[in-house]
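>>> Sharing a model that was predicted from the sequence below.
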Amino acid sequence: MDDLSTIRRYELKYTITESMASEIRDYISNICSLDPHVPPGDSGYVVNNLYFDTPDLKFYNDTKFRKLTRFKPRARYYGMTVSDFIWPEIKYRHAHIIWKMRYKLPIQDWTTLFYPQMTEAGKYKFKSQLDRFDEIIYWYNAQSKLHVRYFREPFVSNLENYGRITFDRNLCYRSIPGSIDLDYNEYDMLYYDDPITTLNFESPVLLEIKVESLLPWWVVELIRKFNLVQRPFSKYCYGIDHHLTYLTPIRDSIFPFSSI
């Protein structure tokens, strides 16, 4: 298992139209380059996030009601199906500052995260720092809730050590209550980036701007030029909201969490 790595950054989110996404792509063409992780000949890659939460949806509610300092555990893999590795991580947030604790895990070790080993003294080997995915899962009794998938078109800054502009599209999800099985049927994926769900006139593109420190000048100019207005957009919360609002039968509305 790889050592923990930490990523700290400022993160700003906007929902924009396809036409504006095209204009912004042209605007940053001399400042940013396509992410080198994008396969040759492609414009981006598929991202999968598996979200975990407590029985009373603590992490969902902390995000939904914008708790100033919060975190949530999730696991990420890339591509339409999982291949060799998965990245368990904890995503922390304080205001606009984001930091992650993540590590790269061989896929054959995925299930071991949910069956903690014990010492010879009969105690679990977990610490109390809560800086690892498996520690959060154990201490918070968190279980899988939602699998979110989307297509990401990513660009990296040529001017800073860390600067990213990403365009996310084709957001879809499936409910995975308590399951850690990574195989799924494509027909189970439900799209939720439609105008009704996102309160837009058309299916939006989710624009994310991520930088390591204070906003560089070109980001400030980009925001001004396109009159970008920030809005909260949690892929996890939108997925849960869509599931509860549109898919939960009326007879289950008294206990909506039971179907997640």
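Received it, and whenever you're ready, just let me know what you need.
>>> Contacts for the helix or strand of the chain with the lowest mean pLDDT, please.
Between all helices and strands in the chain, the lowest mean by mean pLDDT, DSSP states H and E belongs to helix 195-198, at a mean of 72. Identification of contacts with helix 195-198 by C-beta atoms under 8 Å, 6 or more residues apart in numbering yields T15, Y192, F201, E202, S203, P204, Y238, D241, H242. C-beta coordinates here come from the backbone N, C-alpha and C atoms, glycine included.
>>> Which pLDDT value goes with the first one?
Note for T15: predicted pLDDT of 93.
>>> And for it, the neighbour number?
T15: 20 surrounding residues under other C-beta atoms under 10 Å.
>>> mind checking the backbone torsions on it?
phi -110, psi 130 (degrees, to the nearest 10).
>>> what are the bridge partners for it, then?
L206 (DSSP bridges).
>>> wait, it sits on E208?
No - in this structure T15 lies outside contact range of E208 using C-beta atoms under 8 Å: 10.4 Å.
>>> hmm, back to that, ranking the contacts of helix 195-198 by neighbours, who comes first?
P204 (25 neighbours).
>>> Assess the claim that that one and K13 are in contact.
No - in this structure P204 lies outside contact range of K13 using C-beta under 8 Å: 10.9 Å.
>>> Distance-wise, check N141 relative to Y45.
When distance is defined by C-beta to C-beta, to the nearest Å, N141 is 33 Å away from Y45.
>>> These two: who's more crowded?
Y45 (16 against 8).
>>> what's the spacing between the more buried one and R149?
Plainly put, Y45 is 11 Å away from R149 if you go by C-beta to C-beta.
>>> what's the answer for R9, then?
On the measure of C-beta to C-beta, R9 and R149 end up 23 Å apart.
>>> Thank you kindly, that will do.
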